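Colleague: dropping a prediction and its sequence here:
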Amino acid sequence: MTRLSVNINKIATIRNARGGNNPDLIKVALDCERFGAEGITVHPRPDERHIRYQDVYELKKVLKTEFNIEGNPEGSFITLVENVKPHQVTLVPDAVDAITSNAGWDTVKHQSFLTEVCGNFKKQGIRVSIFVDPDPKFVEGAIKAGADRVELYTEPYASHFHANKTEAVKAYIEAARVAKELGLGINAGHDLDLFNLNYLKTEIPYLDEVSIGHALVCDALYYGLENTIQLYLRELKK
């Protein structure tokens, strides 16, 4: 069964806009779990414009479900993950000034670097997922680097879904097939929402996890957080 991990970056963005603690990020994360989320995802960036490093330490103390930390494995991020030891770390090749994730790793070009990073985290008992575009050669590169899972970057799928969903999902089906044959777990994330989620899950029934933040928080403005999480879970379980 595909697990729903709620990315709470946008909650932190709202909090930081006023400089106080409203909404209370920790309470929201715990409420997400209480409302049915099966994991919590954070993606701290060096400028701490949304999730702060201290948030990550505080979340680790209280979360009951799976904790996933995403980010570019450099400097302070590596130290953070080593100290917190989440259930999963997702390696994402974000530039420092990136507004949001916009591409996966070239796991062939960066094979040596990713192998070193994966080995270091896995020695500490942390599952490693590598964020990749839906290309079999990048999936194959991920397993050569020692990853446990890949996370398929789904923005292109979401962008083309309404025009031609069959074409939009084609590359993802092939990449997932290769990952499954190689023994890699399969996650997916970026711009998944209530319209395109079920189709992706139907076409790739062995997805392990989806990470959803922006669309889910936007939907919560209309439907409420508890109801929204239930709506997303329903799409995964249809």
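Modeller: Alright, I've got the coordinates. Numbering: from 1, shown residues only.
Colleague: going forward, measure contacts and count neighbours with C-alpha atoms only.
Modeller: Noted.
Colleague: list the buried ones in stretch 34-44?
Modeller: Buried residues in stretch 34-44, defined by neighbour count with 16 or more other C-alpha atoms under 10 Å: 36, 37, 38, 39, 40, 41, 42, 43, 44.
Colleague: let me see the mean pLDDT of that stretch.
Modeller: Across stretch 34-44, pLDDT averages out at 98.
Colleague: identify the residues contacting stretch 4-20?
Modeller: 21-25, 28-29, 32, 37-44, 49-51, 66, 209-214, 216-217, 232-233 (C-alpha atoms under 8 Å, 6 or more residues apart in numbering).
Colleague: show me these that map onto strands.
Modeller: 39, 40, 41, 42, 66, 209, 210, 211, 212 (DSSP state E).
Colleague: same list, those, but as a markdown table with distance to residue 146 please.
Modeller: Shown next, in a markdown table, are the ones in strands among the contacts of stretch 4-20 (distance: C-alpha to C-alpha, whole Å):
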| residue | distance to residue 146 |
| --- | --- |
| 39 | 23 |
| 40 | 24 |
| 41 | 22 |
| 42 | 23 |
| 66 | 21 |
| 209 | 19 |
| 210 | 21 |
| 211 | 22 |
| 212 | 25 |
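Colleague: of those residues, closest to residue 170?
Modeller: residue 210 (18.0 Å; C-alpha to C-alpha).
Colleague: OK, contacts around the closest one?
Modeller: Shown in contact with residue 210 (C-alpha under 8 Å, 6+ apart): 2, 3, 4, 5, 187, 188, 189.
Colleague: I'd say the second one and residue 209 touch.
Modeller: Yes - with contact defined as C-alpha atoms under 8 Å, residue 3 reaches residue 209; the gap is 4.5 Å.
Colleague: of these two, who's got more company?
Modeller: residue 209 (21 against 18; other C-alpha atoms under 10 Å).
Colleague: and the more buried one, how far from residue 197?
Modeller: Computed as C-alpha to C-alpha, to the nearest Å, the residue 209 to residue 197 distance reads 12 Å.
Colleague: ditto for residue 118
Modeller: Relative to residue 197, and taking C-alpha to C-alpha, residue 118 is found at 29 Å.
Colleague: and those two? which has more neighbours close in?
Modeller: Between residue 118 and residue 197, counted using other C-alpha under 10 Å, residue 118 has the larger neighbour count: 23 against 19.
Colleague: which element, helix or strand, includes that one?
Modeller: If you go by DSSP states H and E, residue 118 is part of helix 111-123.
Colleague: contacts only, for the residue minimising distance to the centre of the chain.
Modeller: Residue closest to the mean C-alpha point of the chain, counted by C-alpha atoms, centre = their mean, is residue 211 at 4.2 Å. Contacts for residue 211 were tallied using C-alpha under 8 Å, 6+ apart; they are 4, 5, 6, 7, 41, 187, 188, 189, 190.
Colleague: what bridges to the first one?
Modeller: Residue 4 has these beta-bridge partners by DSSP bridges: residue 210.
Colleague: check what pLDDT it gets.
Modeller: The model's pLDDT for residue 4 equals 98.
Colleague: what's the local residue count around residue 109?
Modeller: 11.
Colleague: from residue 91, how far out is the nearest residue to residue 235 once chain neighbours are set aside?
Modeller: Closest residue to residue 235 apart from its sequence neighbours, by C-alpha to C-alpha, 6 or more residues apart in numbering: residue 198 at 5.1 Å. According to C-alpha to C-alpha, residue 198 stands 25 Å off from residue 91.
Colleague: neighbour-wise, which of these two wins?
Modeller: When residue 198 and residue 91 are compared for neighbours, residue 91 comes out ahead with 25 against 20, by other C-alpha under 10 Å.
Colleague: much appreciated, bye for now.
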